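Asks: Below is the sequence, then the predicted model.
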Amino acid sequence: MASNRPAPDTAYYEGYSDDSGFGRGDEPWEEWNPTEDSVRPVRGKHRVAKQRGGLARSSTVLGVGVIAAVGAGGIATAKDKPPVPISLPDMSAVTDKLPDVGSMISEGEDEGDAGQSGVTQATAAGFAPTGAASAADDQSTAGAGEALRARILQQAEVKQDQAASAEAAVAADAAVKKASEDAAKQQSEAEKKAAEAKRKAEEERKRKAEEERLRKLAASFSLPTSSYTITSTFGQAGSMWSSGQHTGLDFAGPAGTPLKAVHSGTIKEAGWSGSYGYHTVIELKDGTEVSYSHQSSIQVSVGQKVTTGDVIGLRGSTGNSTGPHLHLEVHTPDGTGIDPMAWLQSKGLNP
């Protein structure tokens, strides 16, 4: 237990000396056992006893020291950490040795609560800026992250828009190319159809012109006889012909049937001609020669002018003949023999 006792009232103890260790009348100090009543301070008159070294033992000094220590430690260690509540430690071990402090704490329990609240408030006040800074940092970090996210999304949208634009451009180019190809194809098909239509129209025009020409020729040309049957054609091979092949076109039929001039011309030959029998040749204006053979009689003379359809003789079987028929030959101006069938057809006639 402490051997100190409360300082005597100087008004009562005149000879009090803090260094003597003795009281009034030099009697020694008795051991002091403090109680709640003995240590209760007298408000307004309490004097703080001093330890050696001169440190005042008061609840106020101790409270301020604790707050300062806690505040200093909190400031040093609470950076970037949320504020935490701080309470006073158990002071029972100290109050046993410091009765004044103990009486202050035990007496002013309400004041202690107020002190604790003050410490808490001071501690909170000490850490509030750090917490606010942390919250501000968090908000700043969140704002920076949100800004970065927004920028990334914006860049992604720009990339998507660029890709969509490129795809649309490619599609547009493809559509233009396809449209151009389709237009070229349609134009080519239209040109082909037009050319085909023109060709057909030209063919039709030529056909009609040929029909008209043949119609006019047919009016000016005539078949050499009527009531006939074609028995031998041009170029037909056989031993009965001296050249080995037939040189004309045979119209077999009743003897005495009239033979007519196929076109207007001049009689070049008229009379007997060996294997041809009675034989007549008409020279046309273009120099073509048409001959009639195997006649039973001749009704024209050399140099006579004839027109289409004039009778020149009668069908017979004279010369080298196996029966009544007309042997018709056609020669070009140079004397070359040609197919009488084709020549008659070229004139609009169909034997």
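Replies: Perfect, thanks for sending it. Bear in mind the structure is a predicted one, so any value in this text is a computation, not a measurement. Residues are numbered from 1 along each chain as shown.

Asks: ok, how many other residues are close to the nearest residue to residue 246 once chain neighbours are set aside?
Replies: Residue nearest to residue 246 in three dimensions, not counting chain neighbours: residue 236, with 4.2 Å by Cβ to Cβ, 6 or more residues apart in numbering. In short, each C-beta sits where N, CA and C put it, glycine included. For residue 236, the neighbour count with other Cβ atoms under 10 Å is 14.

Asks: Surely residue 236 and residue 247 touch.
Replies: No. Counting by Cβ atoms under 8 Å, residue 236 does not reach residue 247; the two are 9.5 Å apart.

Asks: Against which helices or strands is the longest strand along the chain packed?
Replies: Using DSSP state E, we find that the single longest strand of the chain is strand 289-298. Applying 3 or more Cβ pairs under 8 Å, 6 or more residues apart in numbering; DSSP states H and E, one finds that strand 289-298 contacts strand 265-272, strand 278-284, strand 311-315, strand 325-331.

Asks: Specify the angle between it and strand 311-315 in degrees.
Replies: 60 degrees (axes from the mean of the first three to the mean of the last three Cα atoms, to 10 degrees).

Asks: which outside residues touch strand 289-298?
Replies: The contact list for strand 289-298 (Cβ atoms under 8 Å, 6 or more residues apart in numbering) reads 224, 248, 255-256, 259, 262-263, 265, 268-271, 273, 276-284, 312-319, 321, 324-331, 333.

Asks: Could I have the buried ones of those residues as ChimeraX selection syntax?
Replies: Filtering these down to the buried ones (16 or more other Cβ atoms under 10 Å) takes a single ChimeraX command:
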select :224,248,259,262,263,265,268,270,273,276,277,278,279,280,281,282,283,284,312,313,314,315,316,317,318,319,321,324,325,326,327,328,329,330,331
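
Asks: Partner strands of the next helix or strand after the longest strand of the chain, with direction?
Replies: Beyond strand 289-298 in the direction of the C-terminus, DSSP states H and E gives the next helix or strand as strand 305-306. Sheet pairing for strand 305-306, assigned by DSSP bridges, gives strand 265-272 (antiparallel).

Asks: mind saving the C-alpha coords of the partner strand as CSV?
Replies: The C-alpha coordinates for strand 265-272 follow below in CSV (Å, rounded to 0.1, in the frame of the first residue of the first chain):
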residue,chain,number,x,y,z
GLY,A,265,-36.0,-16.7,-176.2
THR,A,266,-34.8,-17.5,-179.7
ILE,A,267,-34.8,-20.9,-181.4
LYS,A,268,-31.2,-21.8,-181.9
GLU,A,269,-31.6,-25.4,-183.2
ALA,A,270,-34.6,-27.4,-184.7
GLY,A,271,-34.3,-30.8,-186.4
TRP,A,272,-32.9,-34.4,-186.2
